[in-house]
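[1] Curious how this folds, go ahead:
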Amino acid sequence: MTLSGLGWNDEHEKAFAPFAKKGWKPARLIRDNKITYGALTDGGEEYEVIMGGKVYHDAECDAELPAVGDWVALEIGTGDLDTVIRARLPRQTCFSRKAPGKSSEEQVIAANVDLVCIVTDAGTDFNLRRMERYFTLVGRSRAKAVVLVNKSDLHTAEENESAAAAIREIAPDADVHVTSAVKGKNVAVIRSYLSPGVSITLVGSSGVGKSSLINALLGDEWQEEGEVNEVTGKGRHTTTARELIVLPEGGILIDNPGIREVQMWTDETTLREKFADIEELAAQCQFHDCKHGRDKGCAIRHAVESGELSARRYEGYLKLEDEIEELKRRLKKRKMTVERRNKRDHRIKARNLADRVDYENELDPRVGKSFSHFDED
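    Below you'll find the model as predicted:
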């Protein structure tokens, strides 16, 4: 296994140059074990590594810590010494979401991926509003979006094609394919995207067949597959942690646990790019400050009433816009909180320093500001 086969390129080479001078080795993280990481180096040698203290302290938030798919600089340990991550290289792409719950933290799902493969089905998992969320996140990541309408064997051809057509309509730039991992239908289309050094990540709800697709790609029972619920048609997804897998025929796959919440971590620009149809309509409104409600000459209201624009799509857009605005508010609040905490810490340090100077001066007036007990008369 060469570095290029792991996704190494000229940009990574340039970024790594300062670390090469220190004798450190480039490696790609393939597993996050919470306390340690799994890392692959040139030649396919795998190391269990720990994070260096500087890497931890230099990170302003959890999203800046090493994640599966990252390229890092390793100081190889000898004897009883650990192998340590001394630096993380800049990410060329980053697929992430807002961490679940009321947090304002970013959660990295996969770093340095070329394609994000969204797996769904034409049954109970099918949800265009959730797909719009995925496409907005993929747009920010700078990766390409591919959609697999999987488990086609459980639905009619009409249902599968209807779902695929609806997805193509809201995301013309995405590649959409109907597949069945169990029956082996169209699974080869995934392989067509993969070549040595190309990274792809599979995301989607639990039970849509991601593990079955991975097994089909690897030609082996790489992962256990859960039993299928006869009512919902879903299996219990058995992936419990992110893992990078180098495929035998070339290409790299990052598997993820099922995603229950697709929360926004993006900006207004990406949102508008992914809803270009709504932005084009808004530009046609009679007044530039149109509120898109009961305003005279509102092109969006007219499009919804005439059926040109789906009311649900517009509602979904407004909801995402509100979420992004709320995220901005939380981030601003968090930034202010951090700044206040830092100012407080600086004041405490300054006060402690002053107290220390006063204390040492009381012990020896000759000490002064030099903090030295060796200034003899």
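[2] which ones are touching the closest residue to residue 212 other than its chain neighbours?
    Excluding the flanking residues, the one nearest residue 212 by C-beta to C-beta, 6 or more residues apart in numbering is residue 181, at 3.6 Å. The C-beta positions use only the backbone N, C-alpha and C, and glycine is treated the same way. With contact taken as C-beta atoms under 8 Å, 6 or more residues apart in numbering, residue 181 is in contact with 150-151, 187, 209, 212-213, 215-216.
[3] Out of those residues, which two sit at the greatest distance?
    Greatest spatial distance among the contacts of residue 181 (C-beta to C-beta): 151 and 215, at 14.1 Å.
[4] Neighbour count: those two, which is higher?
    Each of residue 151 and residue 215 had its neighbours counted (other C-beta atoms under 10 Å), and the higher figure belongs to residue 151 (28 against 19).
[5] And that one, how far from residue 196?
    Residue 151 is 30 Å from residue 196, where distance means C-beta to C-beta, to the nearest Å.
[6] In this structure, mark out all the strands, start to finish.
    Using DSSP state E, the strands of the chain run over 25-32, 37-41, 46-51, 71-75, 83-88, 94-98, 106-111, 115-121, 144-150, 175-178, 199-204, 243-246, 252-255.
[7] And the contacts of the fifth one?
    Strand 83-88 is contacted from outside by 19, 22, 24, 37, 39, 47-52, 54-55, 64-66, 70-77, using C-beta under 8 Å, 6+ apart.
[8] Direction included, what does that strand pair up with?
    Looking at strand 83-88 with DSSP bridges, its paired strands and their directions are strand 46-51 (parallel), strand 71-75 (antiparallel).
[9] Please apply the same query to the second one.
    Using DSSP bridges, strand 37-41 pairs in its sheet with strand 25-32 (antiparallel), strand 46-51 (antiparallel).
[10] Just the C-alpha atoms of the longest one, please, in PDB.
    I take that to be strand 25-32. Listed in PDB are the C-alpha atoms of strand 25-32, where the atom choice follows Å, rounded to 0.1, in the frame of the first residue of the first chain:
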ATOM      1  CA  LYS A  25       6.100  10.200   9.000                       C
ATOM      2  CA  PRO A  26       2.900  10.900   7.100                       C
ATOM      3  CA  ALA A  27       0.000   8.600   8.000                       C
ATOM      4  CA  ARG A  28      -3.800   8.500   7.400                       C
ATOM      5  CA  LEU A  29      -6.100   7.900  10.300                       C
ATOM      6  CA  ILE A  30      -8.300   4.800   9.800                       C
ATOM      7  CA  ARG A  31      -9.900   4.400  13.200                       C
ATOM      8  CA  ASP A  32     -10.800   6.500  16.200                       C
END
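[11] tell me the mean pLDDT for that strand?
    Confidence for strand 25-32, expressed as mean pLDDT, is 95.
[12] next one: stretch 199-219
    According to the model, stretch 199-219 has a mean pLDDT of 84.
[13] Can you list the buried residues in that stretch?
    Of all the residues in stretch 199-219, those buried under the rule 16 or more other C-beta atoms under 10 Å are 199-217.
[14] Break this structure down into its domains, please.
    According to automatic domain parsing, the chain comprises the domains 4-88, 94-255, 275-309.
[15] would TSV of those domains with distance to residue 356 be doable?
    Conversion of those to TSV gives the following (distance: least, C-beta to C-beta, whole Å):
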stretch	distance to residue 356
domain 4-88	24
domain 94-255	36
domain 275-309	59
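[16] With respect to the ones you listed, which exhibits the lowest mean confidence?
    Ranked on mean pLDDT, the bottom entry among the domains of the chain is domain 275-309, at a mean of 78.
[17] Check the separation of the first and last residues in that one.
    Using C-alpha to C-alpha, to the nearest Å, the end-to-end distance of domain 275-309 comes to 11 Å.
[18] which strand residues sit across from the residue nearest the centre of the chain in the sheet?
    Nearest to the mean C-alpha position of the chain, by C-alpha atoms, centre = their mean, lies residue 96 at 2.3 Å. In this structure, residue 96 has beta-bridge partners residue 108, where bridges are defined by DSSP bridges.
[19] I'd like to know how far it sits from residue 19.
    Between residue 96 and residue 19 the computed distance is 25 Å (C-beta to C-beta).
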